[in-house]
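In: what follows is a predicted protein model with its sequence.
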Amino acid sequence: MKYIFNLSFFGFFFLLFACNEVQESSGTQSTEPLIAPNDNIRQLDEMIINEPDNAKLYEMRGDAFFKLEGYDEAIVDYEKAMNIEPGNLIYPQKLAAVYMDYGRSRKAYNVMTAASFQFPDSIDLQLKYAEYQIILKKNNDAFQTLQKVLKLDRHNAVAYFMMGVNFKDVDEIEKAIASLQTAVDKDSDFVDAWMLLGYIYDEKDDPLAAKFFDNAIASEPEYLDAYLAKGNHYGNQGKFNDAIKVFRQLNVMQQGQNADAIYNIALSYVQMDSLNQAFDNFKICTKLEPTYTKAYYYLGFVSQKMGKLDQAKEYYQQTLNLDPEFERAEKGLAELQK
């Protein structure tokens, strides 16, 4: 039985990088927006007519198009901004992000490669370039880029963290651990590094994983995924009472509304053969999320184990109503109909 776990190993970390706003600029333009972010694109059109050489306006209109998935329009505007103000390193990063979201990863990578040559001393840009290299599986190139960053700043915790991600990506686990340990030595509140260390040790079936997740929680007490990760680890270790304690703590933090936490509590009870408690928690889960397919399946599974066969049939059928291709529910129902 698999516990709910909300984070994929690498998509999570790269999402964090992608969502961070670029802090570095050329210094020639104000970072303050000229109009409110929700203003209509037509307002920007009119402003550009009056100020056709204002790169910031093209950037803002590109941002607006990007949010609407107007990729071609956003590309035109970001390229225009780059032509007007070639010394601003924000624009190529935004252009590359559009290409990436547009499914044109080669174009994105080419933009970032050119920017890396243009701005060799920008740590932020080089880190972003290394991110693209890791995503696109150019791992050797990423190592070289990150080494350049560490020559510029040998105490850069993000560079060590990304080095750890890159080592894990090429399955050099001990080197990944060493790099991540250096990252947290440089920045003891580096939540992402603590989390990845926890994942690695969980994969190794090592109880030290819990301590790493605890460190993530200590660094950011409201970080819900760290609680999920810790509870998941205890479940994998067979420490179901400990898992339940963590998931209950998480659910309390969410005012009793975290369906995933309750689902995992119920799964722990299944593993402990505490069927009544398991049933009650799966039931709560479906009340919080009426389309929680797996919870309905386990309501059927638990009902069957308790000898309530008609009830089990109903829950298996309800599962199939939500997901007609749910094989375990289909198999369970077929067995009861023999």
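Out: Noted; the coordinates are in hand.

In: neighbours around residue 276, how many?
Out: 10 (other Cβ atoms under 10 Å). Heads up, the C-betas are built off the backbone N, CA and C, glycines and all.

In: and the pLDDT at it?
Out: In this model, residue 276 is scored at 97, pLDDT.

In: skipping adjacent residues, who's closest to residue 238 in space?
Out: Once flanking residues are discounted, residue 238 sits nearest to residue 271: 7.7 Å by Cβ to Cβ, 6 or more residues apart in numbering.

In: now residue 134
Out: residue 142 (4.9 Å).

In: low-confidence stretches in the protein?
Out: 1-39 (pLDDT under 70).

In: how about the strands in it?
Out: Here the chain has no strands by DSSP state E.

In: picking that back up, which residues touch the residue nearest to residue 134?
Out: Going by Cβ atoms under 8 Å, 6 or more residues apart in numbering, residue 142 touches 130, 133-134, 162, 166.

In: over to residue 112?
Out: 92-93, 96, 128-129, 132.

In: how about the helices in the stretch 201-338 of the chain?
Out: 208-219, 224-237, 240-253, 259-271, 275-288, 293-305, 309-322, 327-336 (DSSP state H, counting those that start in this stretch).

In: in the fourth one, which residues are buried?
Out: By that I understand helix 259-271. For helix 259-271, the neighbour count (16 or more other Cβ atoms under 10 Å) marks 259-270 as buried.

In: so which elements touch it?
Out: helix 224-237, helix 240-253, helix 275-288, helix 293-305 (3 or more Cβ pairs under 8 Å, 6 or more residues apart in numbering; DSSP states H and E).

In: tilt between the last one and helix 259-271?
Out: Spelled out, that is helix 293-305. 20 degrees (axes from the mean of the first three to the mean of the last three Cα atoms, to 10 degrees).

In: which other helices and strands contact helix 293-305?
Out: Contact here means 3+ Cβ pairs under 8 Å, 6+ apart; on that basis helix 293-305 packs against helix 259-271, helix 275-288, helix 309-322, helix 327-336.

In: ranking these by burial, who's on top?
Out: Across those, averaging neighbours per residue (mean count of other Cβ atoms under 10 Å) puts helix 259-271 on top, at a mean of 24.

In: dump the residue contacts of residue 280.
Out: residue 266.

In: name all residues that make contact with residue 302.
Out: Contacts of residue 302 by Cβ under 8 Å, 6+ apart are 270, 275, 278-279, 282.

In: ditto for residue 107
Out: Residue 107 touches 96, 99, counting by Cβ under 8 Å, 6+ apart.

In: what about 7 Å?
Out: When contacts are counted by Cβ atoms under 7 Å, 6 or more residues apart in numbering, residue 107 touches residue 99.

In: now it: how far from residue 295?
Out: 43 Å (Cβ to Cβ, to the nearest Å).

In: next one: residue 189
Out: 36 Å.

In: those two: who's more crowded?
Out: More crowded of residue 189 and residue 295, by other Cβ under 10 Å: residue 295, with 25 against 13.

In: next up, the contacts around that one.
Out: Residues in contact with residue 295 (Cβ under 7 Å, 6+ apart) are 263, 282, 285-286.

In: okay if I get these as TSV plus distance to residue 152?
Out: Below are the contacts of residue 295 laid out as TSV (distance: Cβ to Cβ, whole Å):
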residue	distance to residue 152
263	46
282	53
285	50
286	53
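
In: tell me how far residue 147 lies from residue 162.
Out: With Cβ to Cβ as the criterion, residue 147 and residue 162 are 11 Å apart.

In: neighbour-wise, which of the two wins?
Out: Applying other Cβ under 10 Å to residue 147 and residue 162 shows that residue 162 carries more neighbours, namely 28 against 12.

In: nearest to residue 251, of the contacts of residue 142?
Out: residue 162 (33.5 Å; Cβ to Cβ).

In: verify the stated contact: the closest one with residue 146.
Out: Yes. If you go by Cβ atoms under 7 Å, residue 162 and residue 146 touch, sitting 5.9 Å apart.

In: overlap in contacts, these two.
Out: residue 130.

In: export stretch 252-270 to PDB, keeping only CA atoms.
Out: C-alpha atoms of stretch 252-270 as PDB (Å, rounded to 0.1, in the frame of the first residue of the first chain):
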ATOM      1  CA  VAL A 252      -4.500  19.600  13.100                       C
ATOM      2  CA  MET A 253      -2.500  22.300  11.400                       C
ATOM      3  CA  GLN A 254      -5.000  22.200   8.600                       C
ATOM      4  CA  GLN A 255      -8.000  22.500  10.900                       C
ATOM      5  CA  GLY A 256      -9.000  18.900  10.300                       C
ATOM      6  CA  GLN A 257      -9.400  19.500   6.500                       C
ATOM      7  CA  ASN A 258      -6.300  17.600   5.100                       C
ATOM      8  CA  ALA A 259      -7.800  14.700   3.200                       C
ATOM      9  CA  ASP A 260      -4.400  13.300   2.300                       C
ATOM     10  CA  ALA A 261      -3.300  13.200   6.000                       C
ATOM     11  CA  ILE A 262      -6.500  11.400   7.000                       C
ATOM     12  CA  TYR A 263      -6.100   8.900   4.100                       C
ATOM     13  CA  ASN A 264      -2.600   8.100   5.300                       C
ATOM     14  CA  ILE A 265      -3.900   7.700   8.900                       C
ATOM     15  CA  ALA A 266      -6.500   5.200   7.600                       C
ATOM     16  CA  LEU A 267      -3.800   3.300   5.600                       C
ATOM     17  CA  SER A 268      -1.700   3.000   8.700                       C
ATOM     18  CA  TYR A 269      -4.700   1.500  10.500                       C
ATOM     19  CA  VAL A 270      -5.200  -0.900   7.700                       C
END
